[in-house]
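# Following is a predicted model, sequence given first.
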Amino acid sequence: MGYIITGVLVIIGIIVFSRFSKPTTNQTTNTPTKKPSKKYTEFKRGKDGTYDKSWFVDEYGKFRFPRYKSSKESLVKYKDVSEYKDFWGDLDSNEKKNINKRFEFELNYELIEFEIEDFHDFLDRLSVKHLKKYLIKKFDSIYFNDLTEFLIEYKNKISKEKYLFSNEYTDTLYKNNFLSEYTFSSDKEKNEYYIEYINSLNVSDLKELSKKRGLKVSLKKQELINQIIEYNDFNDIPFPYIPNEKTNEFINYILSLYLKDIQNQIDTFHPLYIQKMWDVVKLDSGIDEYCKEFDNPDYKEIYKSKYWEERMYIDYV
């Protein structure tokens, strides 16, 4: 009997010892015990009063996706082309009920998509008559078409080169002080310009220059170019142009007109949509290059302030 009691006590002692003497992870590795991971999902939601919620309510008082689009009065045209059906189809019944109940829009930023009118299309579409009430007095409307043509020429030419060639509209702008004469830094640069200019002419213009010089006119285009360059008389070649302060002022006015029209239109949008719109403007509208080149103040302020972020708050669930 004594042996049995002794054996039981030994077994109990072994169990107790093993339980209390078993080393923990901390004791063996001196590292903290790993905590279970917690997954965070970020929802950017608009603060109350910062956007018009009526876009999110249908005629029956239920939630709907907004489908923002430009109004008839707006200068810049755009539309919401987000694939809402795909988003809605991925939600379970509880998530759909939650959206309908809360009327709170929580959508992944990447799913929102806008199509916006290209800046060049915007210029082509707007007539002087259409812009009459927007053009300030110091910009004579008769030069508007010449100035908008200059913008396109600027992108195609002066963004890569140092100057603009003489043509019908640049000559008009120069005569009205919207452009200045370019000053060459050396004779070498001047001669390079002459050669470049002659190469840019069509056959009819090349024949006219050849005729003035008493040269042959019944030649192929390259032969006409070669003989004019070899003749080495460039006194009748017009000088090139560069923008001046008046040009920059006008162009910045048109750039700001485009930007402010968008800003006014989207001011009551859900802030996540505002963020997306400005990203689309920067990437897809074609205005980014001009705004940077002409140092447009409104463009800098919009992207520096990121004013839409003040209208959001973040939930972690």
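Good, I have the coordinates. Numbers count the residues shown, from 1 in each chain.
# And the pLDDT at residue 41?
Looking at residue 41, its pLDDT stands at 39.
# Which of the residues in the helix or strand harbouring residue 283 are classified as buried?
Counting by DSSP states H and E, the element that carries residue 283 is helix 271-284. Of the residues in helix 271-284, those buried by neighbour count under the rule 16 or more other C-beta atoms under 10 Å are 271-278, 280-281. For the C-beta atoms, the positions are set from N, CA and C on the backbone; glycine is no exception.
# List phi and psi for the closest residue to residue 162 other than its chain neighbours.
Taking C-beta to C-beta, 6 or more residues apart in numbering as the measure, residue 162 lies nearest to residue 182, with 6.9 Å between them; neighbours along the chain are not counted. The phi and psi torsions at residue 182 (degrees, to the nearest 10) take the values phi -80, psi 140.
# Tell me where the stretch 101-250 of the chain has strands.
Assigned by DSSP state E, counting those that start in this stretch, the strands in the stretch 101-250 of the chain fall at 114-116, 179-181, 241-243.
# Which residues are in contact with the most centrally placed residue in the chain?
Ranked by distance to the mean C-alpha position of the chain (C-alpha atoms, centre = their mean), the top residue is residue 282 at 0.6 Å. Contacts were defined as C-beta atoms under 8 Å, 6 or more residues apart in numbering; by that measure residue 282 touches 288, 303.
# Quick check: pLDDT value at it.
Per-residue confidence (pLDDT) for residue 282: 95.
# what's the answer for residue 142, then?
The predicted structure scores residue 142 at 58 on the pLDDT scale.
# re the thing from before, do you know how far the residue nearest to residue 162 is from residue 246?
Residue 182 sits at a distance of 16 Å from residue 246 (criterion: C-beta to C-beta, to the nearest Å).
# how about stretch 233-247: buried residues?
Within stretch 233-247, the residues scored as buried using 16+ other C-beta under 10 Å are 234, 237, 240-241, 243, 246-247.
# ok, back up a step: switch the buried residues of helix 271-284 over to CSV; also include distance to residue 221.
As requested, those are arranged in CSV below (distance: C-beta to C-beta, whole Å):
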residue, distance to residue 221
271, 57
272, 56
273, 53
274, 53
275, 52
276, 49
277, 48
278, 47
280, 43
281, 42
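# which one of those residues is nearest residue 301?
The shortest distance between residue 301 and any of these, using C-beta to C-beta, involves residue 278 and amounts to 11.6 Å.
# and residue 167, how far is that from residue 265?
36 Å.
# again, but for residue 182
With distances defined as C-beta to C-beta, the gap from residue 182 to residue 265 amounts to 39 Å.
# out of these two, which sits in the busier spot?
Each of residue 182 and residue 265 had its neighbours counted (other C-beta atoms under 10 Å), and the higher figure belongs to residue 265 (19 against 16).
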